[in-house]
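Visitor: give me the fold of what follows.
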Amino acid sequence: MTEDEIPEDWKTMSMDAKLFKVLRTSQVFTKDVEKLVDRVQQHDHDIEMVRKQLVRNTVRIRNLEEDENESPMKTIEKVESLLAKIGFPKIDYDDIFRIGKFTPRPIILKMLRRRDKTAVLVAKKNLKNFPETKNVFISSELTKREAEVEKQLRDTAKIWKQTDPALKFFIGNGTLLVESNGKKTRHGLNDEGAVEERK
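Guide: Residues are numbered from 1 along each chain as shown. Okay, the predicted model is just below:
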């Protein structure tokens, strides 16, 4: 800003008056920024809720053998065979497809009903009863945010396991359950992103 562009009233103001005006403008600006931050956070929350709904009935299947140039129909046959092995010869689903680049690519299984997803997740323990599926894993599909939280909880569990190998862990629904000497405690991320115990 050149001297000619400085408002006339600014030139005649006392230093205290100038400082007061700057502070007042800064306060208004700060409030506007705070409102904008609140709106962005609410927007992010709404998007996360939509994403959770999209994966509500979805599971991810890892390490299921993939043939070279496997067709979508062949993938569907393999998933149906896998489900039959763990007790679901007939299950209604919306879609089955592979994602990613590295073989064997994970499989996304979108079911029509949440109760079917829950039943499959309960029955996944039966995979270890068959030699060809003992290394196959079925897990609930997560949003990007949920995956980030679970990764942080897993990393924390690994560190704690190094200090106390007797600890047992379970991670799910954004919670780290820790069992030590028969006592169970629940942990999660606080607003600052640090892992803390939940009451």
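Visitor: name the surrounding residues that touch stretch 104-122.
Guide: For stretch 104-122, the external contacting residues (Cβ atoms under 8 Å, 6 or more residues apart in numbering) are 56-66, 75, 79, 83, 86, 88, 91-100, 138-141. (C-beta placed from N, C-alpha, C; glycine too.)
Visitor: narrow these to those in strands?
Guide: Secondary structure from DSSP state E places 58-62, 93-98, 138-140 of those in strands.
Visitor: who wins for neighbours among those?
Guide: Using other Cβ atoms under 10 Å as the neighbour criterion, residue 61 leads the ones in strands among the contacts of stretch 104-122 with 25 neighbours.
Visitor: tell me where the chain has strands.
Guide: Using DSSP E, strands in the chain cover 58-62, 93-98, 107-111, 137-140, 168-172, 175-180, 183-189, 195-198.
Visitor: strand partners (parallel or antiparallel) of the fourth one?
Guide: Strands flanking strand 137-140 in the sheet, each with its direction: strand 58-62 (antiparallel) (DSSP bridges).
Visitor: looking at this protein, which helix or strand is least sure?
Guide: Within the chain, no helix or strand scores below helix 8-12, which has a mean of 62 by mean pLDDT, DSSP states H and E.
Visitor: what about the residue nearest to residue 180 when sequence neighbours are not counted, neighbour count?
Guide: Distances taken as Cβ to Cβ, 6 or more residues apart in numbering put residue 167 closest to residue 180, at 5.4 Å, once the chain neighbours are dropped. Residue 167: 14 surrounding residues under other Cβ under 10 Å.
Visitor: show me the domain layout of the chain.
Guide: 3-53, 56-140, 144-198 (automatic domain parsing).
Visitor: determine which of these shows the lowest mean per-residue pLDDT.
Guide: Among those, domain 3-53 carries the lowest mean pLDDT, at a mean of 75.
Visitor: quick one, helices of the protein?
Guide: Applying DSSP state H to the chain gives helices spanning 8-12, 15-54, 72-85, 114-123, 144-163.
Visitor: which one, of the ones you listed, ends up nearest to residue 175?
Guide: Nearest of the helices of the chain to residue 175, taken as Cβ to Cβ: helix 144-163 at 7.7 Å.
Visitor: wait, what's in contact with residue 137?
Guide: 61, 62, 63, 124, 127.
Visitor: and those, which two are furthest apart?
Guide: Farthest pair in those, by Cβ to Cβ: 63 and 124, 12.3 Å.
Visitor: and those two? Which one has more around it.
Guide: Neighbour comparison, residue 63 and residue 124: the larger count goes to residue 124, with 18 against 15 (by other Cβ under 10 Å).
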